[in-house]
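K.L.:
sequence and computational prediction follow.
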Amino acid sequence: IDGIVTPKYDKQSDIYADMLKELEESVALLSSGASGFGDADLFFGGDQAKWKKFGNSLMLRLALRMIKVDPAASQAWATKAINGGVMESNDDIAYIQHTAGPEGINRNGNGEAFTADENPRISKTFRTILEGDPRLPILAARRSDGSTNPADLIGFPNGLDLPMLLEMTGEENTDAYAEPNRAIITGEDAPMFFQTYAEVEFMLAEANIRWGIGGDAAGHYENGVAGAMRMLSLYGEAGVIAEADITAYLAANPYDAANGLEQISTQYWVATFLNEYETFANWRRVELPVLVPTNYPGNETNGTIPRRLTYSSSEESNNAANLAEAVANQGPDVLTTRVWWDKQ
């Protein structure tokens, strides 16, 4: 609009400050009644109270994102978000229910990706963490025949390609390994989740561990696990987990204050499955669960987990001066340079 075709790069610290300010101002403008958008509001059908909870819940997410770089601001914004009112149940989840058409307009982007990619697999790491978890047969199925029997669900070893798999295991049929469950979670008409009540409960538990705010960590942990399991019913009847199974899982995996942050972060990692942006961001923030990096031959990170994406090559051609300034501020344009909030 302003004719600026080579824009400068704003500092990430400035962007975060502005996003928090915008959230605070937007939430303050909302009332508790229904807006005039009605069904045109694909998230909440015009329910402003739910938008307020969503705004405060996003504020809480951004607040915790800053925990390593600005702990004081992190606590202040987290406190403000919690006091303002965050998500309280699965009824508050921010998601869109997609449809299979017309054309690609209303389809779930993840579903379209799985339709195009015939070879996704569940990693061995993820499969191991889901041992004994009632979510496993909902999230995964055996590639060869669609079996969801946990005994049939084998995770693919992380970091291997087919020649390496053959050399390591003598196996070359990847159909024996589990993939994301196409019958339940990967359809083009499946819901897409942007932020969930379970995530909020885990963040509240973390806030209690770190600062003694937000309520009881153990209670929030249990609410988060239960909420993450119950929300799978939004995929349809096949995603429903019996309450007895949820109770049994929590009894077998009770909250342990000595390892509270690791438990909470691991459950957050599981709960954000298929929301890869948030999963990656939150893992970099707390570096839990402990993940073993792969060292694929010729990799660019010396066998470490990447911390960011690099800039597109088109920027080097079209916006070289501003790109150079951004790189000078942030560090080398490589996969191992940490973003502003991902402080060592």
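P.N.:
Looks like it came in fine.
K.L.:
wait, residue 201 sits on residue 227?
P.N.:
Yes: the pair residue 201 / residue 227 is scored as a contact, 5.9 Å apart, by CB atoms under 8 Å. C-beta here means a position set from N, CA and C on the backbone, and glycine is covered the same way.
K.L.:
which of these two has more neighbours?
P.N.:
When residue 201 and residue 227 are compared for neighbours, residue 201 comes out ahead with 30 against 23, by other CB atoms under 10 Å.
K.L.:
name the nearest residue to that one, ignoring sequence neighbours.
P.N.:
The shortest distance from residue 201 to any residue that is not its chain neighbour, by CB to CB, 6 or more residues apart in numbering, is 3.5 Å, and that residue is residue 224.
K.L.:
and stretch 283-290, what's buried?
P.N.:
Neighbour-count burial for stretch 283-290, with 16 or more other CB atoms under 10 Å as criterion, is recorded at 283-286, 288-289.
K.L.:
give me the contact list for the helix or strand where residue 281 lies.
P.N.:
Mapping residue 281 onto the secondary structure by DSSP states H and E places it in helix 276-286. When contacts are defined by CB atoms under 8 Å, 6 or more residues apart in numbering, helix 276-286 is touched by residues 61, 64-65, 67-68, 195, 199, 261, 265, 268-269, 272-273, 289, 291, 307, 338-339, 341-342.
K.L.:
can you list contacts of the helix or strand following that helix?
P.N.:
The element immediately downstream of helix 276-286 (helix or strand, assigned by DSSP H and E) is helix 313-318. For helix 313-318, contacts defined as CB under 8 Å, 6+ apart pick out 5-6, 323.
K.L.:
from the chain's centroid, how far away is helix 313-318?
P.N.:
Its chain's average C-alpha position is 30 Å from that of helix 313-318, according to CA atoms, centre = their mean, to the nearest Å.
K.L.:
again, but for stretch 165-177
P.N.:
29 Å.
K.L.:
buried residues in that stretch?
P.N.:
When neighbours are counted by 16+ other CB under 10 Å, the buried residues of stretch 165-177 are found to be 165, 177.
K.L.:
also stretch 306-322?
P.N.:
Of the residues in stretch 306-322, those with enough neighbours to count as buried (16+ other CB under 10 Å) are 306-308, 315, 319.
K.L.:
same question, stretch 321-338
P.N.:
By neighbour count, with 16+ other CB under 10 Å as the criterion, the buried positions of stretch 321-338 are 323, 326-327, 330, 333.
K.L.:
cool, stretch 151-170 as well?
P.N.:
Using 16+ other CB under 10 Å as the test for burial, stretch 151-170 gives 152-157, 160, 165.
K.L.:
farthest-separated two in the residues you listed?
P.N.:
Of all pairs drawn from those, the one with the largest separation by CB to CB is 152 and 160; the distance is 20.1 Å.
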